[in-house]
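In: Give me coordinates for this.
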Amino acid sequence: MSAAGPKLSAGALEGRPFHRDDWPLILALHRAPLAARWLLPPGDEASPARARRVAAAFAEDWAAEGFGPYRWRRGGRAIGYGGLARRVIEGAPEIELLIALTPESWGQGAASAIGCAALEADGPRRSDGSGAHAVGGASVLARIRPDNVAAERLALRLGFEAAGESGWRGLALAHWRWRPGGAIGGGTGGVMGGNTP
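Out: Below you'll find the model as predicted:
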């Protein structure tokens, strides 16, 4: 699969692979106080340089793995990002679900639709060359700040189960895990495991 990647639809939402030049969307999310609360560690500030690094990392996911976060739009307007990304977390390889939406998009079912689409998508493939669907043979991790109740509810609705915790840049993060064969549900919310590189 090329870095261009597939387009993905979820109801009225349209997703396409995240590109390096999508960094203004990251910057807008980081500058929106309600979203930044969940995306940035305390003391970190939004900046064009940081937004460019995040966008480059998302684009590299697509180039290296053939899957990664999508840039999502509703009615032609960018509302955020969401999808699966391969990460090394505490020394172990993981597939992580990332979702971050503009606060104006919260509570409208977009996070649920994006989460379901990402878990059901047949684009993610293992890097071992097996061609197996990423969620067909591996669990998916969502890391969520324990005080992000809406994201935890979303994780439950998507079929994730509580699975421990870890630290990230001075924050404690709850781990939520979706296992192969697990039900994929739906719900509302806006930022789930959207911690940026």
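
In: okay, CA-based contacts and neighbour counts for the rest of this
Out: OK.

In: Now do the longest helix along the chain: which elements does it pack against?
Out: Scanning the chain for the helix with the most residues, using DSSP state H, yields helix 48-65. Counting contacts by 3 or more CA pairs under 8 Å, 6 or more residues apart in numbering; DSSP states H and E, helix 48-65 is packed against helix 23-31, strand 69-74, strand 77-89.

In: Can you tell me the strand partners of the last one and which way each runs?
Out: Partner strands and pairing direction for strand 77-89 (DSSP bridges) are strand 69-74 (antiparallel), strand 92-101 (antiparallel).

In: Which of the residues in it are classified as buried?
Out: By neighbour count on 16 or more other CA atoms under 10 Å, the buried set for strand 77-89 is 78-86.

In: out of the strands paired with strand 77-89, which comes closest to W38?
Out: strand 92-101 (8.8 Å; CA to CA).

In: Centre of the chain to that closest one, how far?
Out: Centroid separation between strand 92-101 and its chain, computed with CA atoms, centre = their mean, to the nearest Å, is 5 Å.

In: Give the next helix or strand downstream of that strand.
Out: Using DSSP states H and E, the next helix or strand after strand 92-101 towards the C-terminus is helix 110-120.

In: what about the residue lying closest to A46 once chain neighbours are set aside, distance to R52?
Out: Nearest residue to A46, sequence neighbours excluded (CA to CA, 6 or more residues apart in numbering): H30, at 5.2 Å. H30 sits 12 Å away from R52, going by CA to CA, to the nearest Å.

In: So which of these two has more stuff around it?
Out: Between H30 and R52, counted using other CA atoms under 10 Å, H30 has the larger neighbour count: 26 against 19.

In: so that one touches W38, yeah?
Out: No. In this structure H30 lies outside contact range of W38 using CA atoms under 8 Å: 9.3 Å.

In: Okay, now the unreliable bits of this structure?
Out: Along the chain, the model assigns pLDDT under 70 to residues 1-5, 122-137, 180-197.

In: what do you get if the cut-off is 80, keeping everything else the same?
Out: For the chain, the stretches with pLDDT under 80 are 1-6, 121-138, 168-170, 179-197.

In: how far does stretch 145-163 stretch from start to finish?
Out: Stretch 145-163 has an end-to-end distance of 13 Å (CA to CA).

In: which parts of that stretch are buried?
Out: 145, 148, 150-162.

In: circling back to that earlier point, among the buried residues of strand 77-89, which one sits closest to A113?
Out: Using CA to CA, G82 is the member of those that lies nearest A113, at 10.0 Å.

In: Leaving out chain neighbours, which residue sits closest to E94?
Out: Going by CA to CA, 6+ apart, E94 has R87 as its nearest residue, at 5.2 Å.

In: That neighbour against I95, yeah?
Out: Yes. Between R87 and I95 there is a contact under CA under 8 Å: 6.1 Å.

In: that older thread, can you list the helices and strands packed on helix 48-65 in a markdown table and add distance to H175?
Out: Putting the helices and strands packed on helix 48-65 into a markdown table (distance: least, CA to CA, whole Å) gives the following:
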| stretch | distance to H175 |
| --- | --- |
| helix 23-31 | 22 |
| strand 69-74 | 19 |
| strand 77-89 | 11 |
